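1. mind folding the following:
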Amino acid sequence: MVQSIATNVKRVIIARMEKGEDILKTIEVVASNHGVKTGQLTLIGAIEGAHLGYFNTHSLEYVDFTVEEDLEVVSCMGDITTLDDGSLVVHAHLIAADEKGTCYGGHLLQGCKVSVTIELVIFETEDEIKVYSKGLPFVHNIHLRSEVFHSVCILGCGGGGFTAQHAEFELSERKFAASIKKLKIKDHRYKVILVTHQPPYKTKLDYICGEYVGSTSIRKFIEKHQPDVCITGHIHPAEGLEDKIGHTRVINPGPTGKIIEI
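-> This next block holds a predicted model:
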């Protein structure tokens, strides 16, 4: 059944982007600078090219594509929400047209660069929209966090798409490494499980459409710190596949899940 809430507009933030700025990154910067926790956004302008994505419901694959020419942004709208760890999530769809009026549309991804200008309007709402696990004592948010259960340490990082570098993960690397070192000093029998949405680069789990689309940031961390298991997702055709990076098992359990013995 559909769920809904009623709220009011708190503020309207207006920004003008400059040539060369990345649209998605700049939306995040503007929202963060003004302390926006939740709201709606809309923008128009012109871009050097588009990097968009869509989910193919027939092949069950999430595909991204690029249009490498000057485009006019016909429409772009989306929302801004906040995870319970305080990090912002921007979800937007963009439609852009070429000189003949042919339109390209999809999920806004990093790589859409401003060619002339982009005019952004954010409508901040009064109530923060968050997803909680109230009433579910066995559900833990592990995004950019570590949780220890008996002799198992679980490190988590969501987000990430098809870019090689995972900025959020890199910000948490030192914290994750310190957690592993502390536990191993305490008792070398501790097991470490790394849970990431985006798979590490260059394994069976991130090969799609003839190329590897995983994160080099995550792979470097695994190569250096060798967690016992890395559980990942994102690439739907990789459901059920398993690979290894050194001694680390890399597993995509898929939506049905998998029992893993560590």
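2. please report how far the residue nearest the centre of the chain lies from residue 110.
-> Centroid-nearest residue in the chain, with C-alpha atoms, centre = their mean: residue 159, separated by 2.2 Å. Counting by C-beta to C-beta, to the nearest Å, the gap between residue 159 and residue 110 amounts to 11 Å. All C-beta atoms are positioned from the backbone trio N, CA, C, and that covers glycine.
3. give me the three-state assignment for residue 65.
-> Recorded secondary structure, residue 65: strand (DSSP: H, G, I helix; E, B strand; the rest coil).
4. now it, which residues is it bridged with?
-> Counting by DSSP bridges, residue 65 forms beta bridges with residue 52.
5. and the pLDDT for it?
-> Note on residue 65: pLDDT of 90.
6. was I right to think it contacts residue 105?
-> No - Residue 65 sits out of contact with residue 105 when judged by C-beta atoms under 8 Å, with a separation of 10.8 Å.
7. quick one: which of those two has more around it?
-> Neighbours were counted for residue 65 and for residue 105 using other C-beta atoms under 10 Å; residue 105 has more, 16 against 13.
8. host element of the residue nearest to that one when sequence neighbours are not counted?
-> Computed as C-beta to C-beta, 6 or more residues apart in numbering, the closest residue to residue 105 that is not its neighbour in sequence is residue 95, at 4.1 Å. Element membership for residue 95, per DSSP states H and E: strand 88-97.
9. other residues contacting that strand?
-> The contact list for strand 88-97, computed with C-beta atoms under 8 Å, 6 or more residues apart in numbering, reads 23-24, 27-28, 31-32, 36-37, 41, 47, 50, 52, 67, 71-83, 103-108, 112.
10. which of the residues you listed fall in strands?
-> Helix and strand membership here follows DSSP state E; of these, those in strands are 41, 47, 50, 52, 67, 71-82, 103-108.
11. returning to what we had before: and the strand holding residue 95, how far out from the chain's middle?
-> Averaging C-alpha coordinates over strand 88-97 and over its chain gives two centres that are 13 Å apart (C-alpha atoms, centre = their mean, to the nearest Å).
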